[in-house]
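Engineer: just coords:
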């Protein structure tokens, strides 16, 4: 999937280098790329300064891995809808055409950090974070949450859940047909109070109706139902190495719950 995400890069108002106080409109990746780089720096600062609300015994500060920063950025992306108009400086406005989530025009969408990170006074979402978590081949790691739409009442996002998994892969061989070597899978099920999986509730990443065996970033975004319980599962389906590490962020109006199958 390329691009991974998008940022403003058309008709950006910038200072004019040759005349004090003047601005001009410019376009190109020279403007969208530093926007994303700056947002990545803010994500890193957010974690390093302990801004993530948590109840960890050793404090909330952490040194975010590159895969966590990437997961946060891509988790935040919001889909552009309909026909997107691209306006370039000195050129006629034109329609890019109809776009959809995960397509070759936008990937996961437009970066919007307040959709991914809890920001007191700006949103009411919660987040769960895994930073460089080790997983063994064929191992399964689960997280259970309960939707709490009442805590986000009168917001547009009270039912939305976003979960993104990212990891670094080994270099693939030249001209490889299947280039992903360490294959991790993200999936979400709706479960009962005792942890039983509800029929036909399995959700796959990246807009697919099956597992993704091509990308090393996987996202699931959907609307949770009422106060349902969900199981977020990471599975090391097929590793070329004995272990690998991944990062994950889940954002939305929910609360963590203990594994109901272990009680």
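Structural biologist: It's in. Worth saying up front: this structure is predicted, and the values here are computed from it rather than measured.

Engineer: Look up how far residue 239 lies from residue 254.
Structural biologist: According to Cβ to Cβ, to the nearest Å, residue 254 stands 29 Å off from residue 239. (Glycine included, C-beta is placed from N, CA and C.)

Engineer: buried set for stretch 54-62?
Structural biologist: Buried positions in stretch 54-62, judged by neighbour count with 16 or more other Cβ atoms under 10 Å: 54, 62.

Engineer: Give me the contacts around it.
Structural biologist: Outside stretch 54-62, the residues within contact range by Cβ atoms under 8 Å, 6 or more residues apart in numbering are 47, 48, 49, 50, 51, 52, 53, 129, 131.

Engineer: again, only using 10 Å
Structural biologist: Residues from elsewhere that reach stretch 54-62, judged by Cβ atoms under 10 Å, 6 or more residues apart in numbering: 47-53, 68, 118, 127-129, 131-132, 256.

Engineer: circling back to that earlier point, which of residue 254 and residue 239 has more neighbours?
Structural biologist: Each of residue 254 and residue 239 has its neighbours counted (other Cβ atoms under 10 Å); residue 254 has more, 25 against 18.

Engineer: okay, now the nearest residue to that one once chain neighbours are set aside: neighbour count?
Structural biologist: Ranked by Cβ to Cβ, 6 or more residues apart in numbering and with sequence neighbours excluded, the top spatial neighbour of residue 254 is residue 145, at 4.3 Å. Using other Cβ under 10 Å, residue 145 is surrounded by 23 other residues.

Engineer: so which strand or helix has residue 145?
Structural biologist: Assessed by DSSP states H and E, residue 145 sits inside strand 140-147.

Engineer: Need the pLDDT of the residue most central in space within the chain.
Structural biologist: The centre of the chain sits closest to residue 75, judged by Cα atoms, centre = their mean, with a distance of 1.6 Å. Reading off the confidence values, residue 75 has pLDDT 97.

Engineer: Tell me the secondary structure at it.
Structural biologist: Under DSSP: H, G, I helix; E, B strand; the rest coil, residue 75 falls in the helix class.

Engineer: need the contact list for it.
Structural biologist: Going by Cβ under 10 Å, 6+ apart, residue 75 touches 5, 108, 111, 113, 115-117, 127, 162-166, 217, 219-221, 248-251.

Engineer: Mind checking which of these land in helices?
Structural biologist: Assignment to helices by DSSP state H places none of the contacts of residue 75 there.
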